[in-house]
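Enquirer: This is the structure alone, sequence omitted:
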Ligand SMILES: Nc1nc2c(c(=O)[nH]1)N[C@H]1C(S)=C(S)[C@@H](COP(=O)(O)OP(=O)(O)OC[C@H]3O[C@@H](n4cnc5c(N)ncnc54)[C@H](O)[C@@H]3O)O[C@H]1N2
Ligand code: MOO
C-alpha cells in the first residue's frame, strides 16, 4: 500500500502496517471495478483521526494489569477473560459442603401419598437444599431425624462424616421434644454461640461450634417453622458458607425501598418478605433536572428525590408457618420493633431491605 491506496479489512482482521485508519465500508463507494477487484474507491466520510477504528495490542488490557482480585467470583465474564488470555489454571476455593437435616417425629417425606394424622410433609429440607444449591454450595441431604436423643446424636455425627457445616431445622425452642441445644452442648460438647435472636421470624435460631474427628464443625440449628428456617438460612447460614467459599462480600446487599402499603410493627424486629416493583420512568422534567445536575456536579442526586426507589409489596400473610409468603419474594424488609412513639409505618415510608433473589 502507498499513499492514495486502501485495502478491504474485516472486523478483527490484521490492518496492514502502512495503514493508519479504518473507514467503515458503508462510508465508501465503489467508483470502478473490473469484476474481480475494486479499482477506485470514493471515501464519502474521511476518518476523523489517525487510528480511527484500529484496536492496538494492549488496548483491552496491558501486561501487569490486575484482572482478578483475591476473593472475586468467577462468573461468565471472568471465565471468558480467563480463556481470552489462555490462563491454564487458576487457584479457586472448594465449594463448601453443607449437610441439611430435618428433625421432628411429625415429619414424613414430601412425596408420601397418605399423610398419617398429626404428620406433615418435610418442606424445610428440600427448600434449604435448593437454597444452598442456588447459592453455589454443595448441599448434602442428611435426611429426617426423629426427636429422640440417641437418634439425633447418631444422625448429627453421621452428617459430620460428609461436611463440616450442618444446618438442621426444628427442635430448638421450648417444647419437651426440643432437644437440639441440649444435645449440642451436653452430648457433643459443642459451644453455643447464640441460641436466641431478637427477631421475627427465627427467634430460636442457634449457632454452635465444636470439634469432631479433630476438625472444627459448625451447626446452625434453625427453627422448625418453615419461614423461620428459610429466613435464618439466608441471614445466618449463607454468610458463613460464603466466607468458607472465599467470598469477600458475605452479606446480602442492602438497599432502600419504599413501602407500597402501611404496615403494623410487631413486638420484635421483623424481616417481612416482599417483592419489588420498579418505579415508573422519570417524567421529562425530572430527567432534565437529573441530567443537568449530573453534568454540573458530576453527581447523581439522591434517588428518592426522583421517586426512583423500588416499591416493596409484602407477600400476603407473614406467619412464620406460611411458607407461601416466600413465593416471589426478592427482599427481606428490615422493620423495627414497635415502640411507644411508633406502632406502624405509613405507606411510602422508606426502609432498608436485604436482597435475597434477583430483582
Ligand atoms: N413455649 C414456647 N414455644 C415456642 C417458642 C417459645 O419461645 N416458647 N418459640 C416459637 C417460635 S418463635 C418458633 S420459630 C418455633 C420454633 O420451634 P422449633 O424450632 O422447636 O421447631 P418445631 O417445634 O420442631 O417446629 C415448629 C413448627 O414447624 C414445623 N416443622 C418443623 N420442621 C419442619 C419441616 N422440616 N418441614 C415443615 N415443617 C416443619 C413443625 O411441625 C411445627 O409446626 O417455636 C415456637 N414455640
Ligand atoms: O421466631 Mo418464630 O420464627 O416467629 O416463628
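Expert: Structure received. Computed from a predicted model, the values in this text were never measured in an experiment. Ligands and ions are numbered 1, 2, ... in the order given.

Enquirer: What residues does the stretch 201-350 of the chain have near ligand 1?
Expert: By CB under 6 Å from any ligand atom, the part of the stretch 201-350 of the chain that sits against ligand 1 consists of 201, 203, 204, 223, 224, 225, 226, 228, 320. Using the backbone N, CA and C atoms, a C-beta is placed for each residue, glycine as well.

Enquirer: And the furthest pair within those residues?
Expert: Distance extremes for these: the farthest pair is 203 and 226 at 14.7 Å, using CB to CB.

Enquirer: Of the two, which one has the most company?
Expert: residue 226 (25 against 17; other CB atoms under 10 Å).

Enquirer: How about the contacts made by the nearest residue to the more buried one once chain neighbours are set aside?
Expert: Residue nearest to residue 226 in three dimensions, not counting chain neighbours: residue 323, with 4.1 Å by CB to CB, 6 or more residues apart in numbering. Neighbouring residues of residue 323 by CB atoms under 8 Å, 6 or more residues apart in numbering: 123, 127, 226, 227, 230.

Enquirer: Now that we have these, which of them are buried?
Expert: Among the contacts of residue 323, those buried by neighbour count (16 or more other CB atoms under 10 Å) are 123, 127, 226, 227, 230.

Enquirer: For the stretch 1-150 of the chain, just list every one of the strands.
Expert: For the stretch 1-150 of the chain, applying DSSP state E, counting those that start in this stretch gives strands covering 28-33, 38-43, 97-103, 107-108, 120-121, 138-145.

Enquirer: ok, now the stretch 151-300 of the chain?
Expert: Applying DSSP E, counting those that start in this stretch to the stretch 151-300 of the chain gives strands spanning 165-169, 191-194, 206-212, 215-222, 254-259, 263-264, 270-277.

Enquirer: I'd like the average pLDDT over stretch 339-357.
Expert: The average pLDDT within stretch 339-357 is 95.

Enquirer: Give me the contact list for it.
Expert: With CB under 8 Å, 6+ apart as the test, stretch 339-357 has contacts from 234-235, 251-265, 271, 274, 304, 309, 312, 329-336, 338.

Enquirer: ChimeraX command for the buried members of these?
Expert: Only the buried entries of the contacts of stretch 339-357 go into this ChimeraX selection, using 16+ other CB under 10 Å:
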select :234,235,252,255,257,258,259,260,263,265,271,274,309,312,329,330,331,332,333,334,335,338
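
Enquirer: Low-confidence ranges, the stretch 201-350 of the chain, go.
Expert: Scanning the stretch 201-350 of the chain for pLDDT under 70 picks out 281-287, 290, 298-307.

Enquirer: now the residue of it found nearest ligand 1, nearest residue through space, not along the chain?
Expert: For the stretch 201-350 of the chain and ligand 1, the shortest gap (CB to the nearest ligand atom) falls at residue 224, measuring 2.5 Å. Once flanking residues are discounted, residue 224 sits nearest to residue 170: 3.2 Å by CB to CB, 6+ apart.

Enquirer: now swap in residue 21 and tell me
Expert: In this structure, residue 21 finds its nearest non-sequential neighbour in residue 47, 3.8 Å apart by CB to CB, 6+ apart.

Enquirer: Correct me if wrong: that neighbour contacts residue 24.
Expert: No - Residue 47 lies out of contact with residue 24 (CB atoms under 8 Å); the separation is 9.7 Å.

Enquirer: Can you pull the residues that touch both of these two?
Expert: The overlap between the contact sets of residue 47 and residue 24 (CB under 8 Å, 6+ apart) consists of residue 53.

Enquirer: Just want to know which of those two has more residues nearby.
Expert: residue 47 (16 against 11).

Enquirer: What spatial separation is found between the more buried one and residue 60?
Expert: Counting by CB to CB, to the nearest Å, the gap from residue 47 to residue 60 is 22 Å.

Enquirer: How about residue 333?
Expert: Taken as CB to CB, the span from residue 333 to residue 60 is 42 Å.

Enquirer: now residue 90
Expert: From residue 90 to residue 60 the distance is 19 Å (CB to CB).

Enquirer: got it, and residue 84?
Expert: Distance from residue 84 to residue 60, counting by CB to CB: 8 Å.
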